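> Structure of the sequence below:
(one chain, ligands or ions: 1)
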Amino acid sequence: MSALSARPVPKAGVLAIDPYVPGRSTANGVAKVHKLSSNETPLGPSPAALRAAQETLAHAEAYPDGGATRLREAIGRRFGLDPARIVCGAGSDDILHLLAQAYLGPGDEGILTEHGFLVYKISIMAAGAEAVVVPEKNLTTDVDAILAHVNERTKMVFIANPNNPTGTYLPFAEVKRLHAGLRPDVLLVLDGAYAEYARANDYSAGTELVSENENVVLTRTFSKIYGLAALRLGWCYAPAGVTDALNRIRAPFNVNTPASAAGIAALADEAHLSASIAYNTQWLDWLTNALRALGLEVTPSAANFLLVHFPQEQGRDASAADAFLAARGLIVRSVAAYGLPHALRISVGSEEANRLLIDALAAFMGQAHG
Ligand SMILES: *Cc1c(COP(=O)(O)O)cnc(C)c1O
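Just a heads-up that it's a prediction; the model follows:
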């Protein structure tokens with residue numbers, strides 16, 4: 001006889017999960033706030049995407065196309081992929097959860113890296129599996145360390161490339177070496193949430209690795225460079241066996257009609273995409289140089305945010321900087337939960353926000369010196 005409980009009890013593992021804490025979006029007593037805490041694009045979405053979403057609202061009574069057919073076709077055309085091997089979701093977080101639900105259970109292990117995206121840990125644990133956290137090297141995914149942690153219970157490996165919150169990336173040769181070292185029954189998830197921002201010649205999101213193998217999935221999102229985070233839209237390119245599994249367990253209408261319409265229009269607006277990439281390139285470099293000129297250590301970033309390291313002295317540390325910036329309406333991201341208590345993650349913002357940020361940090365560093 002099992003013991004009676006006075007109320008329903010979540011299954012094993014659920015209460016061990018630390019809930020995800022999103023980047024803050026307000027500051028007390030400050031009129032104008034610049035949110036640099038969630039890696040949202042300062043340029044906003046394509047106006048065409050907004051119009052397309054709005055037009056669908058006149059028929060909000062109708063269920064969406066559960067197969068997101070037109071969206072998958074548009075993604076397929078844009079990236080040269082077979083639409084049958086694309087699954088769309090309510091953000092790529094939806095896809096990450098579905099992957100873990102489909103491939104992990106009690107007794108299994110899922111790997112993420114030391115400063116990897118915390119949604120992986122939540123997805124792994126929610127599936128009843130154990131999250132194994134592997135050390136990084138120089139704030140970068142360490143292929144040898146991951147391979148050293150794979151055992152017979154390992155079923156999945158999650159890496160974001162470029163990674164959030166470090167901004168570092170793994171050259172494609174290293175991703176291929178990681179894949180080559182995994183058993184064919186271990187699923188490698190490559191999270192390309194920031195793929196559009198990566199400029200290095202040796203970077204690849206990994207599409208070709210998915211095409212050629214049965215154990216690699218690439219996830220992508222409309223939340224970052226496409227500026228559609230509020231609509232919740234993401235997708236994955238996956239082997240047929242994986243799309244089959246995901247399509248069996250996903251919510252039947254997990255992508256809403258305005259989101260699909262916006263996604264299709266956003267993909268067609270290549271000018272907006274190019275402008276967003278150019279804007280980010282310019283200001284990422286400007287911010288990196290300006291922060292370094294203030295004496296701050298900045299991890300080189302392949303994405304649309306910077307990991308900025310603060311001195312470990314009272315009054316000059318990351319939490320003091322966080323409070324100083326917040327009081328001036330500049331909301332940045334604490335990354336203590338990512339094992340980085342001495343750093344802050346700062347998204348590339350509008351020109352106004354970027355200049356205010358540097359002015360504020362100049363005052364912060366100068367003030368602390370005095
Ligand atoms: C922002 C982000 C995502 C995207 O999440 P959505 O659910 O698509 O909004 C996925 N992975 C990483 C690493 C991210 O930073």
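
> going forward, measure contacts and count neighbours with C-alpha atoms only.
Noted.

> near the ligand, anything from the helix or strand encompassing Val308?
If you go by DSSP states H and E, Val308 is part of strand 305-309. No. Figure legend: strand 305-309 not in contact with the ligand (C-alpha under 6 Å from any ligand atom); closest approach 10.1 Å.

> Could you pull out the helices in the stretch 151-300 of the chain for me?
With helices called from DSSP state H, counting those that start in this stretch, the stretch 151-300 of the chain shows them at 172-180, 207-212, 240-249, 257-268, 270-293.

> Figure out which of those helices is closest to the ligand.
Closest to the ligand of the helices of the stretch 151-300 of the chain is helix 257-268 (C-alpha to the nearest ligand atom; 11.9 Å).

> Now tabulate the helices of the stretch 151-300 of the chain in a markdown table and tack on mean pLDDT and mean neighbour count.
Output for the helices of the stretch 151-300 of the chain, formatted as a markdown table (pLDDT from 0 to 100; neighbours: other C-alpha atoms under 10 Å):
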| stretch | mean pLDDT | mean neighbour count |
| --- | --- | --- |
| helix 172-180 | 98 | 16 |
| helix 207-212 | 98 | 16 |
| helix 240-249 | 98 | 15 |
| helix 257-268 | 98 | 24 |
| helix 270-293 | 98 | 17 |
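
> Minimum distance to Leu71: which of these has it?
helix 257-268 (5.7 Å; C-alpha to C-alpha).

> any idea how this protein splits into domains?
Following automatic domain parsing, one gets these domains for the chain: 4-44+271-364, 49-269.

> Mean neighbour count, the ones you listed: which tops it?
Burial of the domains of the chain is given as mean neighbour count (mean count of other C-alpha atoms under 10 Å); domain 49-269 ranks first at a mean of 20.

> now it, how far from the centre of its chain.
9 Å (C-alpha atoms, centre = their mean, to the nearest Å).

> Is it in proximity to the ligand?
Yes. Domain 49-269 lies within reach of the ligand by C-alpha under 6 Å from any ligand atom, at 91-93, 117, 160, 163-164, 191, 193, 221, 223, 229, 232-234.

> Show me what the host helix or strand of Lys121 is packed against.
If you go by DSSP H and E, Lys121 is part of helix 118-126. Applying 3 or more C-alpha pairs under 8 Å, 6 or more residues apart in numbering; DSSP states H and E, we find helix 118-126 packed against helix 91-103, strand 109-113, strand 130-134.

> CA atoms of the last one as PDB?
Coordinates of the C-alpha atoms in strand 130-134 are reproduced here as PDB (Å, rounded to 0.1, in the frame of the first residue of the first chain):
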ATOM      1  CA  GLU A 130      18.900  13.500 -14.700                       C
ATOM      2  CA  ALA A 131      20.500  16.800 -15.900                       C
ATOM      3  CA  VAL A 132      24.300  16.300 -16.100                       C
ATOM      4  CA  VAL A 133      26.100  19.600 -16.200                       C
ATOM      5  CA  VAL A 134      29.500  19.500 -18.000                       C
END
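
> ok, then the element right after that strand?
Toward the C-terminus from strand 130-134 - assigned by DSSP H and E - lies helix 143-149.

> Distance-wise, check Gly105 relative to Ala129.
Gly105 is 5 Å from Ala129, where distance means C-alpha to C-alpha, to the nearest Å.

> How about the contacts made by Ser37?
23-25, 331-333, 345-347 (C-alpha atoms under 8 Å, 6 or more residues apart in numbering).

> how about these in JSON lines, adding secondary structure and pLDDT?
Shown next, in JSON lines, are those (DSSP: H, G, I helix; E, B strand; the rest coil; pLDDT from 0 to 100):
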{"residue": "Gly23", "secondary structure": "coil", "pLDDT": "79"}
{"residue": "Arg24", "secondary structure": "coil", "pLDDT": "79"}
{"residue": "Ser25", "secondary structure": "coil", "pLDDT": "80"}
{"residue": "Ile331", "secondary structure": "strand", "pLDDT": "97"}
{"residue": "Val332", "secondary structure": "coil", "pLDDT": "98"}
{"residue": "Arg333", "secondary structure": "strand", "pLDDT": "97"}
{"residue": "Arg345", "secondary structure": "strand", "pLDDT": "98"}
{"residue": "Ile346", "secondary structure": "strand", "pLDDT": "98"}
{"residue": "Ser347", "secondary structure": "strand", "pLDDT": "98"}
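
> what's the farthest-apart pair in those?
Largest pairwise distance in the contacts of Ser37, by C-alpha to C-alpha, is 14.0 Å, between Ser25 and Arg345.

> Look up the closest residue to whichever residue of the stretch 251-370 of the chain sits closest to the ligand, ignoring the ones flanking it.
Residue nearest to the ligand within the stretch 251-370 of the chain: Ala303 (9.7 Å; C-alpha to the nearest ligand atom). Excluding the flanking residues, the one nearest Ala303 by C-alpha to C-alpha, 6 or more residues apart in numbering is Tyr197, at 5.1 Å.

> got it, and Asn213?
Counting by C-alpha to C-alpha, 6+ apart, Pro239 is the residue found nearest to Asn213 once chain neighbours are left out, at 7.1 Å.

> So that neighbour sits against Val217, correct?
Yes. Assessed by C-alpha atoms under 8 Å, Pro239 is found in contact with Val217 at 7.1 Å.

> Check the contact lists of these two and give me the overlap.
Common neighbours of Pro239 and Val217 (C-alpha under 8 Å, 6+ apart) are Val210.

> Let me see the confidence value for the residue positioned nearest the centre of the chain.
The residue lying closest to the centre of the chain (C-alpha atoms, centre = their mean) is Ala193, at 4.8 Å. The per-residue pLDDT reported for Ala193 equals 98.

> my read: it touches Thr221, true?
Yes. Between Ala193 and Thr221 a contact is recorded at 5.4 Å, counting by C-alpha under 8 Å.
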